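J.: After the sequence you'll find the predicted model.
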Amino acid sequence: MKYNEELQVVLKSMFIAERKYFEATQKVQVLDFLRFLNHQNIIRNSYINRLVEVFERKNIGLNIFEIEKRKYALDSNDRNVGWDIEKYDQKGSVKECLEQDQELIKQCTNCINNIDISLEILEILTEMCTALIFYNIDGQNLIKEHTKKYYDQQSLVKRAKSMV
């Protein structure tokens, strides 16, 4: 079954996306990013659980059961990095997660276009793909808002320094 292989790829990509979001939460310190990443991690975990349940009901073998997640411990040197670099890296972490979602959206779309797929799996994939598209837009908007706030703050600092 070709669609079984495609479903396995989607499931594996979802595990990878969940791991990326989890690991990004370990690195990020900007509260808005942290909330977004935590929420996205939980959502992906929920979709994984739903897909695994359907796989089991449909007797579709699982090629992957979990992916090990690394926990990062930030030492005092990591926390003392300059704010410019730190915020850039944090946006980069969010962008990496969103890029993984883009790949997942493509894989979901490939599965959705397969006529052999069961209705139950099709419903989950369609919901998941649609949600990922909107969450990706939310993530991009969050990055833009954060960038704007940062540059507005830098502008205020420059004006304050010029007045002194």
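T.: Arrived safely.
J.: Quick one: list the elements packing against the helix or strand K158 falls within.
T.: K158 is part of helix 119-163 when elements are defined by DSSP states H and E. Counting contacts by 3 or more Cβ pairs under 8 Å, 6 or more residues apart in numbering; DSSP states H and E, helix 119-163 packs against helix 2-27, helix 31-57, helix 83-112. Every C-beta, even on glycine, is put in place using the N, C-alpha and C of the backbone.
J.: from the middle of its chain, how far away would stretch 44-56 be?
T.: With Cα atoms, centre = their mean, to the nearest Å as the basis, stretch 44-56 stands 17 Å off its chain's centre.
J.: same question, stretch 126-143
T.: With Cα atoms, centre = their mean, you get 9 Å for stretch 126-143.
J.: Which positions in that stretch come out as buried?
T.: Buried residues in stretch 126-143, counting neighbours by 16 or more other Cβ atoms under 10 Å, are found at M128, C129, A131, L132, Y135, N136, G139, L142, I143.
J.: Turn those into CSV, columns for distance to L119 and pLDDT.
T.: What follows is the buried residues of stretch 126-143, written out as CSV (distance: Cβ to Cβ, whole Å; pLDDT from 0 to 100):
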residue, distance to L119, pLDDT
M128, 15, 96
C129, 15, 96
A131, 18, 97
L132, 20, 96
Y135, 24, 96
N136, 26, 96
G139, 30, 95
L142, 34, 94
I143, 36, 93
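J.: Now that we have those, can you turn them into CSV and tack on distance to Q102?
T.: As requested, these are exported to CSV (distance: Cβ to Cβ, whole Å):
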residue, distance to Q102
M128, 14
C129, 11
A131, 14
L132, 8
Y135, 11
N136, 7
G139, 11
L142, 16
I143, 14
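J.: Tell me how many other residues surround Y47.
T.: 22 (other Cβ atoms under 10 Å).
J.: I'd assumed T130 was in contact with it.
T.: No - if you go by Cβ atoms under 8 Å, Y47 and T130 don't touch, sitting 11.7 Å apart.
J.: Can you tell me the closest non-neighbouring residue to Q8?
T.: Once flanking residues are discounted, Q8 sits nearest to N63: 4.7 Å by Cβ to Cβ, 6 or more residues apart in numbering.
J.: next one: phi and psi at K58?
T.: Per-residue torsions, K58: phi -90, psi 0 (degrees, to the nearest 10).
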